[in-house]
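S.K.: Got a sequence here, can you build the structure:
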Amino acid sequence: MDVVELEKLYKKINQFDLHMGYQLKIIAPGKLQYKLEIEKKHLSSPDTCHGGVLAGLMDNILGVTALSHAITQDCLCSTVEFKINYLNPAKLGDHLVGEGEIDFKGKSLVVTSGSIRNGETLITKGIGTFNLYPFSKQVKENWTQF
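M.R.: Purely as a prediction, here's the structure:
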């Protein structure tokens with residue numbers, strides 16, 4: 001599977017992204033972009049986005065960045081840990097852009113970092129560690145059934 005196939009498949013099976021309005025674009029293995037417009041459903045106060053919306057977006061940014069590399073190694077990945085720093089609030093109507101990249105590639109661990117911005121304003125920064133594991137035939141068949 002290449003990153004083009006991964007993006008199509010991920011968009012088809014990931015119901016959370018559809019529900020939240022996250023829009024994925026995989027640029028290359030280990031590099032991607034997510035977009036999100038803050039709507040009323042994302043708010044925790046009259047005009048401020050809930051931190052969980054941003055945490056979910058950052059989890060996707062970090063994890064799919066790792067996954068887009070993992071598939072080139074015929075692997076999948078699972079989260080070992082991730083951390084997020086909330087630096088500025090996201091507000092109703094903001095157009096967020098999140099980007100991810102790989103900081104470290106080891107034999108079984110990958111470390112990714114990400115940021116979410118509203119224009120030039122940095123909203124969050126994050127870092128995550130992911131474990132690579134073989135994309136077994138059984139898992140591959142389950143994924144490709146979609």
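S.K.: Wait, a helix at T112?
M.R.: No. Assessed by DSSP: H, G, I helix; E, B strand; the rest coil, T112 does not belong to a helix; its assignment is strand.
S.K.: Can you list the low-confidence ranges for the chain?
M.R.: Confidence mapping of the chain against pLDDT under 70 gives the ranges 137-146.
S.K.: which residues in it form strands?
M.R.: Secondary structure of the chain (DSSP state E): strands at 23-28, 31-37, 75-86, 95-105, 109-118, 121-134.
S.K.: Please identify the most buried of those.
M.R.: Of all those, strand 109-118 has the most neighbours on average by mean count of other CB atoms under 10 Å, namely a mean of 21. C-betas here are computed from N, CA, C, even on glycine.
S.K.: Check the offset of the helix of greatest length in the chain from the chain's centre.
M.R.: Scanning the chain for the longest helix, with DSSP state H as the assignment, gives helix 51-70. Centroid separation for helix 51-70 versus its chain: 2 Å, with CA atoms, centre = their mean, to the nearest Å.
S.K.: can you check stretch 70-87 too?
M.R.: The answer for stretch 70-87 is 8 Å, by CA atoms, centre = their mean.
S.K.: who's in contact with it?
M.R.: 1-3, 6, 29, 51, 54-55, 58-59, 62-63, 66-67, 109-110, 122-135, 139 (CB atoms under 8 Å, 6 or more residues apart in numbering).
S.K.: could you redo the last one with a cut-off of 6 Å?
M.R.: 1, 6, 29, 55, 58, 62, 66-67, 122, 124-135 (CB atoms under 6 Å, 6 or more residues apart in numbering).
S.K.: repeat for stretch 19-27
M.R.: V3, E7, L32, Q33, Y34, K35, L36, L57, S68.
S.K.: Over to stretch 50-62?
M.R.: Contacts for stretch 50-62 (CB under 6 Å, 6+ apart): 22, 34, 36, 42, 44, 82, 84, 98, 100, 112, 114, 124, 126, 128.
S.K.: Check the gap between the residue of the chain most remote from its centre and G126 for me.
M.R.: Within the chain, P46 marks the point farthest from the mean C-alpha position, 26.4 Å out by CA atoms, centre = their mean. Remark: distance between P46 and G126 (CB to CB, to the nearest Å) = 26 Å.
S.K.: Thanks a lot, catch you later.
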